[in-house]
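K.L.:
Everything below, folded, please.
(chains A, B and C)
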Amino acid sequence: MNQPYPRFPEFKYYRPKSSKEAVDFLEKYADQSRPYTGGTDCFNQIRDKRIHPKYLVDLKSIKGFRKIEFDLKKGLNIGAAVCLNEIIRHPKIMGYYPVLIEAAREVGGYQLRNRATLVGNLCNASPCGDTIGPCLTYRSKVHIVGPDSKHEVDLKDFFKGPGKTCLRPGEIVASVSLPIPPLGAAGTYESIGRNKFGDLAIAAVTVLGYEKKDSLSGYEFLLALTAVAPTVIFSELAQEILKTLPLTLDTLEQAALACSEACKPIDDIRGSAKYRRDMIKMLALRGLIRTCKQLNIPL
Amino acid sequence: MKIKEKIPDLIGSNVHRVDVQEKATGAAVFTDDVQFGRNLLFARIKRSPHPHAIIKSIDTSKAEKFPGVKAVATGVDFPKRIGLYLKDKYIFARERVRFVGEPVAGVAAISEEVAESALDLIKVEYEILPAIFHPDDAIKPDAILIHPDLGKYEVANFIFPKSGTNISNHFKVRKGNPDLVWDACTAVVSRKYYIPHIQHVPIETHVAVAKVDQTGKVTLWSSSQSPFAQRDLIAKSLGMSPSNIRVIANYVGGGFGCKAGVTMETLPIALALKVRGRPVKLRLTREEEFYTNFVRQALVIELKMGCDKDGNILALENTMYWDGGASTEYGVNIARAGGYSCTGPYDIPHVKADSYCVYTNNTIGGPYRGFGMSELHTGIEQCVDELAEEIGMDKVAFRMLNAVQKGDILATGMKMHPTGIKECIEKAAHAVDWGKPSEPCPPNKRRGKGIAIMWKAPAMPPNPGSSATIKLNEDGTILLGVGGQELGQGAFTVAVQIAAAALGVPFESVRVVGPVDTDYSPYEWQTVASRLTWSMGNAVMAAAIDTRKQIFEIVSEAWGEDTKDLEIIDGIVISKTSEREIPLKDFAVYGIPNKDFEGWIGGPIYGRGKFMPNYVTGLDKDSGQGERAVVHYTTGAQAFEIEVDLDSGKIEIIQAVSAFDVGRAINPDLVRAQMEGGIVQGISSTIFEQMIFKDGQMQNPSFVDYRIATTMDLPKRIESIIVEVPQDDGPYGARGIGEHPMVPTIAAIANAIYDAVGIRMEGPPFTSEKIFTHLKMKGTQGFQTNKR
Amino acid sequence: MELIKIHVTVNGSEEILDVSPNLSLLNMLRENLALTGTKSGCEAGECGACTVLLEREPVNSCMVLAVECNGLSVETIEGLSEKEAMKKLQNAFMDLSAIQCGFCTPGMLISAFALLKRNPNPNDEEIRMALLGNLCRCTGYERIINAVKKAAKK
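P.N.:
Coordinates of the predicted model:
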């Protein structure tokens, strides 16, 4: 029986002003410290006694971490401390990355989105994180700062398991960047929870589709499956089907079936593996139909 | 209380609630808001991790020495049992633990963090015992006894525990003999349903602060529906006089039954006894609220119902096993209520019912809005639908044919009073266009309509009293004293309306004295059972009549007129004959001077009134028969139109209509507010809510995984219809409504689902996965692609 | 535990407090400042009873540390009740009996207040979405949504 704390247990609080200060501290106190931005995941984990950091390292004051930068060549760069509501409000993000907005809206309630950050969601690496699918399909990269180096990692290589990323002790993600999507790209985020809205996903599918001249179907689609594997995963077979076969309703159904076969869901208190598999198929089909409609592909 | 011939304007008026200003500005004081200063200590509780175990030893020595800890308590110091109808609970566990979360020890310290840290230093050794999690296992002949001393427990004389078993109450109803008429039935339906545990989820969790002064007097501040019952029960369990315990009950942030009786309040008192002079506060975390206090009992219900070819229900066999959990001090009465109301609101000549309250090692079952009726009707109303279908009769017509009416002899032998249930059925059905097909919907959706009806009586001991006081101030304003609690249902507002109407003073001139304080407030049994408007309302009216009598005696003496010729209108005493007037404020405290100021007449005016029903009789132990089982029944109906999404199993509620007979709506807007809140809580319990247990441990004790309805989960249209067939002994004819609006909801939605997609499930919640799985089994799969 | 000195503007007034790092904003308001209008319902960021405005944006104060608010402004129901826009909302809630037990009410009002500031004319769905993070167990929400609509109209 794990009883959460009635209020936060003791910890120390450190608010570095620069990434160097942050990573030096985090490396020095590797096992005892925890970096955070919004706190919505981290605080609950502390309260639930799942983690016991001696130091909480608040990254919100680090220069540049609150910035959203957009330019037509480089695309979008979102600092680690940018909260979901700021992202939802940003006109360029709505214009170029609507699927990210669609998913971000589903996270909790308005108050929560004033604290929860996109980078925080990614680093939390939950198998059912709503924003992960769209970030993957938009081919995001995370920009990691460590004690000795800076480097970037494709988001698809970032996740190692439920709650696990490739970050080493002392490393933090300074920002996530999303390149400009292919011209005319369209997509959807379809999820199902217990409530009509705002619940964690029992299953979800992100679809992103765009014209691709050298593909047999004339299009390329990326499909990310959420809450049905240790991490959010692409359905490679479905993507292949949609690239090689002419785009008919039948093809979409085949792709949806491939999605349901690609996922590795488990039974948990939110839903059974069986139901998740069935819902992935249904959500994938729904998402593909809706995306094709946006792309003006007749089915 | 006779109904007045002319109903005052204030009755039936939608006046603003009297407590909203405070609540809207954050000024309203709830128990955790009361300021106690630097002396306040904080309590945390060490709880059993096992569902069933013998306590071999408890070592609190290290905790006692932990810096900042001021007191540690265990069951060693508190040997008396506590309980409302059956004394089967200890303050802290003694000898054994019976559910996960049971209090084993408590710590009071200078901060919550220190108290929490000290808990880890308390070492408890357990010897694990086999545990029981389902009534089916609890009633097996070789089942381990969860309360081996059941036979020795003090118990109310209308509760019948079976010593040597896990059955803490067996209520029987025997009317006629169903076995004689099964052959005469054209249709017979046999069904078994399981309605799982759910929790009340008040947004304010339980909180209590206790202080024991140097003379040994206890003061308890608690978020409570039952300050007087708490005083009485706690006093008994501590061997004290009730006059040495004072309970102060502020506004309650949602009760729904979980804050009735006594639960966690004894814990801070136990600790406070060890630190005289310092207040000790215990707040339950949300997680503790979910599974350590009160939950709604789960129910296994086995029904057999039969009707003839014309649709008359001839017989009912109803066996109910209520999963009461580790302590059934309150739950035994739920089993009883389920028993005497076992037929639902139907006139059935042959009835055999057995209602068992069963111990298990699950969380303690207690009063929950509906007090067993929701669970009971979930079974009855689905069977009724099936019977109607079998004989090819319309489901509304079937209910109209069989619904109770005035004069019917009920299953317990009680004669039914006038009731508007048929009007409720007709109006609810009409509001959803019953009989007309739903509007067309897309091919991957199906629509359906369902109806369910209900009844409920206030479940009380035979002698639950209410009282009220009226105090006039110097300026003619009035302080109304009551012992009932404002939980959000509007009790204070309705009390003011009744007082003002009965007295003849403006609504604005009456104020309820709060918080309820057992030292100063008049006695009220409990704020439960939807009884306040009726019972407390009667007491308020009696107090108003008593006050009027005193007022008229003073004025008649001063004016030399007959009291019969006097009236009070808008706070002014008027003579109907001489037309003389005198405002109350001119004499309410200081009296009226004689002619030429030769002496004075009158003085401070203080009215009092009481109400206690005196006609409830006992019921025979073996047949459940008695002249008058209950005070009265409130009846009603709900009708739903829903839409099922075949692709996912999700339900959308298109229309949700309630119609209830409230006797007289003292404040129609507040009555409708109860109906709306109730139907949404009902929808939430139908579609989302379930306590998920594994080995007695709740797996989802947080909002993350115990889902309740949010703003996005509401019906497209809600309608609340008031029917008024007056209650002969209600104030202005009023009857209660608080619990009823969530009672028929599960059944009505279940019936609508059946109408839409032809499936019935073992029990709620009707999650999308459950519905989808049943649809798949039936062959009605989704994924209908929309061929354009 | 060592204390950290913070300067927080609460309801327009600067407060200088010595707080421990693990003190939530919710407990700072309720315990250090006796501003008990903000309520604790779950301490997990789920129910919204603890909603306050931080830099004019609604947040769950149980999920914010007091130390994070150094140099920032916080508004609670007590302070916001002085504002005309809030009074309109409160009157609408009172007129429509959108308050029962009252425990979710301060948080609900603050979420609604912030909504009307950023969107003076919200439609039905926008209101529901803005209040999604505020749980109510008593009213069934309809009257609350109608009250927000009514306040927006005036």
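
K.L.:
Where is the longest helix in chain C?
P.N.:
The helix spanning the most residues in chain C, taking DSSP state H as the definition, is helix C:105-118.

K.L.:
how far away is the residue of chain C found nearest chain B from B:Gln230?
P.N.:
Nearest residue of chain C to chain B (C-beta to the nearest C-beta) works out as C:Gly37 at 2.1 Å. No exception for glycine: its C-beta is placed from N, CA and C like everyone else's. According to C-beta to C-beta, to the nearest Å, C:Gly37 stands 27 Å off from B:Gln230.

K.L.:
if we can go back for a sec, report the mean per-residue pLDDT for the longest helix of chain C.
P.N.:
On average, the pLDDT along helix C:105-118 is 98.

K.L.:
starting at the chain centroid, how far to it?
P.N.:
7 Å (C-alpha atoms, centre = their mean, to the nearest Å).

K.L.:
now stretch B:302-310
P.N.:
The answer for stretch B:302-310 is 31 Å, by C-alpha atoms, centre = their mean.

K.L.:
For the residue lying farthest from the centre of chain B, grab phi and psi.
P.N.:
Distance from the centre of chain B peaks at B:Asp596, with 58.0 Å (C-alpha atoms, centre = their mean). Main-chain dihedrals, B:Asp596, degrees, to the nearest 10: phi 60, psi 30.

K.L.:
Now do the same contact list for it.
P.N.:
Neighbour list for B:Asp596: empty [criterion: C-beta atoms under 8 Å, 6 or more residues apart in numbering or on different chains].

K.L.:
still on that earlier bit, packing partners for the longest helix of chain C?
P.N.:
Counting contacts by 3 or more C-beta pairs under 8 Å, 6 or more residues apart in numbering or on different chains; DSSP states H and E, helix C:105-118 packs against helix A:110-113, helix B:20-24, strand C:51-54, strand C:57-60, helix C:77-80, helix C:84-95, helix C:124-130, helix C:142-153.

K.L.:
List the buried residues in it.
P.N.:
C:Thr105, C:Pro106, C:Gly107, C:Met108, C:Leu109, C:Ile110, C:Ser111, C:Ala112, C:Phe113, C:Ala114, C:Leu115, C:Leu116 (16 or more other C-beta atoms under 10 Å in any protein chain shown).

K.L.:
Which strand or helix spans B:Trp323?
P.N.:
To be clear, residue B:323 is Asp; Trp isn't right here. strand B:313-325 (DSSP states H and E).

K.L.:
so which helix or strand takes in whichever residue of the stretch 501-650 of chain B sits closest to chain A?
P.N.:
Closest to chain A within the stretch 501-650 of chain B is B:Asp647: 5.0 Å, counting by C-beta to the nearest C-beta. Under DSSP H and E, no helix or strand contains B:Asp647.

K.L.:
Also the one 10 residues further on?
P.N.:
Using DSSP H and E, B:Val657 sits within strand B:651-661.

K.L.:
quick one: that strand near chain C?
P.N.:
No: judged by C-beta under 8 Å from any C-beta of the partner chain, strand B:651-661 stays clear of chain C, getting no closer than 9.5 Å.

K.L.:
CA-only coordinates of that strand in CSV, if you can.
P.N.:
Output of strand B:651-661 as CSV, limited to C-alpha atoms (Å, rounded to 0.1, in the frame of the first residue of the first chain):
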residue,chain,number,x,y,z
ILE,B,651,-22.2,6.7,-25.0
GLU,B,652,-23.4,10.2,-25.6
ILE,B,653,-26.4,11.3,-23.6
ILE,B,654,-28.8,13.2,-25.8
GLN,B,655,-31.6,13.8,-23.3
ALA,B,656,-31.8,13.3,-19.6
VAL,B,657,-35.1,14.0,-18.0
SER,B,658,-36.1,13.7,-14.3
ALA,B,659,-39.6,14.0,-12.8
PHE,B,660,-40.0,13.7,-9.0
ASP,B,661,-43.0,14.1,-6.7
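
K.L.:
still on that earlier bit, next, find the distance separating the nearest residue to the residue of chain C closest to chain B once chain neighbours are set aside from C:Arg143.
P.N.:
Distances taken as C-beta to C-beta, 6 or more residues apart in numbering or on different chains place B:Gly26 nearest to C:Gly37, at 2.1 Å, with adjacent residues excluded. Distance, B:Gly26 to C:Arg143, by C-beta to C-beta: 19 Å.

K.L.:
And the next helix or strand past the strand holding B:Val657?
P.N.:
helix B:668-687.

K.L.:
ok, now how distant is the residue of chain C found nearest chain A from B:Pro522?
P.N.:
Residue nearest to chain A within chain C: C:Gly133 (1.9 Å; C-beta to the nearest C-beta). Applying C-beta to C-beta, the value for C:Gly133 to B:Pro522 is 41 Å.

K.L.:
Repeat that for A:Pro53.
P.N.:
A:Pro53 sits 54 Å away from B:Pro522, going by C-beta to C-beta.

K.L.:
Tell me which of these two has more neighbours.
P.N.:
The neighbour comparison of A:Pro53 against B:Pro522 (other C-beta atoms under 10 Å in any protein chain shown) goes to B:Pro522, with 25 against 19.

K.L.:
who's more crowded, C:Gly37 and B:Gln230?
P.N.:
B:Gln230 (28 against 25).

K.L.:
Counting by contacts, list what the helix or strand containing that one packs against.
P.N.:
Assigning secondary structure by DSSP H and E places B:Gln230 in helix B:227-238. Using 3+ C-beta pairs under 8 Å, 6+ apart, the elements in contact with helix B:227-238 are strand B:218-222, strand B:245-249, helix B:266-272.

K.L.:
Quick check: what element follows the last one along the chain?
P.N.:
Just to be clear, that refers to helix B:266-272. strand B:280-283.

K.L.:
which helices and strands does that following strand pack with?
P.N.:
Other helices and strands packing on strand B:280-283, by 3+ C-beta pairs under 8 Å, 6+ apart, are strand B:41-47, strand B:207-212, helix B:266-272.

K.L.:
Listing partners with orientation, what would you give for that strand?
P.N.:
Neighbouring strands of strand B:280-283 in its sheet, by DSSP bridges, are strand B:41-47 (parallel), strand B:207-212 (antiparallel).

K.L.:
and the last one with strand B:218-222, angle?
P.N.:
Interaxial angle, strand B:207-212 versus strand B:218-222 (axes from the mean of the first three to the mean of the last three C-alpha atoms, to 10 degrees): 170 degrees.

K.L.:
buried set for strand B:207-212?
P.N.:
B:Val207, B:Ala208, B:Val209, B:Ala210, B:Lys211, B:Val212.
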